[in-house]
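Chemist: All I have is the shape, not the residue letters:
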C-alpha cells in the first residue's frame, strides 16, 4: 500500500474542535475601527471567537460568537481576496491555484492550534464582519466575562495580547482596506 508524499495529520472527531471567529469592523466613521474583547478573567485582549455547535455552519458560528462575546449584531463583510477554492460554476478539472475574487464572504484565514500534548487540535476559521447599521456607538451588554471595545487599527494591534491575533487582524485590515 502506498503512502502519500505529503505530510499528513489526521484527527478523529474526539481529537479536534472547530471554532469560528470574526474580526468586527465599525466602518461608519472616517477612521475605521475594530472591536476587541477584554477577557476580564485573565486580563487578555482577544478577537471574538468560539466553538461551532453541531449542525451550525462555520459562518453562523462566527456571527453568533461575535454577538455573544461583544453584544453587537453584525453581518459578514464581503471582501476581495485570493483563494484556492474554485467559484461555484467552475469546471471540475480547474487547476488548483489561488485566484482573486471580488465580494467573497469565505474564511480569510485558518488557525490550527495544537492542544495538550499535540494529540488534539483546535481549528479556528476567521471571517470579516461589520457592525449592523443599527449600531449606535454604545456598548450593549455581552457575556459577563468579556467587555467589548472599539479601537483604531494601530491601537488594536498594540492592545492584543497574542501575536497570533495580531497576525489575523493585520490580514483582515489589509483585506478591508483593499476592497
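Modeler: Received it, and whenever you're ready, just let me know what you need. Note that the coordinates shown come from a computational prediction; the quantities given were computed from them, not determined experimentally. Numbers count the residues shown, from 1 in each chain.
Chemist: low-scoring pLDDT stretches of this structure, where are they?
Modeler: In the predicted model of the chain, residues 134-143 satisfy pLDDT under 70.
Chemist: Have a look at it and report its longest helix.
Modeler: Using DSSP state H, we find that the single longest helix of the chain is helix 163-178.
Chemist: Which strands or helices does that one pack on?
Modeler: Where contact means 3 or more CB pairs under 8 Å, 6 or more residues apart in numbering; DSSP states H and E, helix 163-178 is packed against strand 16-26, strand 33-39, strand 79-83, strand 109-115, strand 120-131, helix 153-159. Where C-beta positions appear, they are placed from N, C-alpha and C, glycine not excepted.
Chemist: And for that helix, what's in contact with it?
Modeler: Outside of helix 163-178, the residues within contact range by CB atoms under 8 Å, 6 or more residues apart in numbering are 23, 25, 27, 32, 34, 46-47, 77, 79-81, 108-109, 111, 126, 128, 153, 156-157, 160.
Chemist: mind checking how far the nearest residue to residue 148 once chain neighbours are set aside is from residue 61?
Modeler: Nearest residue to residue 148 in three dimensions, chain neighbours excluded: residue 70, at 3.8 Å (CB to CB, 6 or more residues apart in numbering). Noted for residue 70: a distance of 15 Å to residue 61, by CB to CB, to the nearest Å.
Chemist: and if you look at residue 161?
Modeler: For residue 161 relative to residue 61 (CB to CB), the value is 22 Å.
Chemist: swap in residue 24?
Modeler: In terms of CB to CB, residue 24 sits 14 Å off from residue 61.
Chemist: With residue 102 instead?
Modeler: Between residue 102 and residue 61 the distance is 25 Å, computed by CB to CB.
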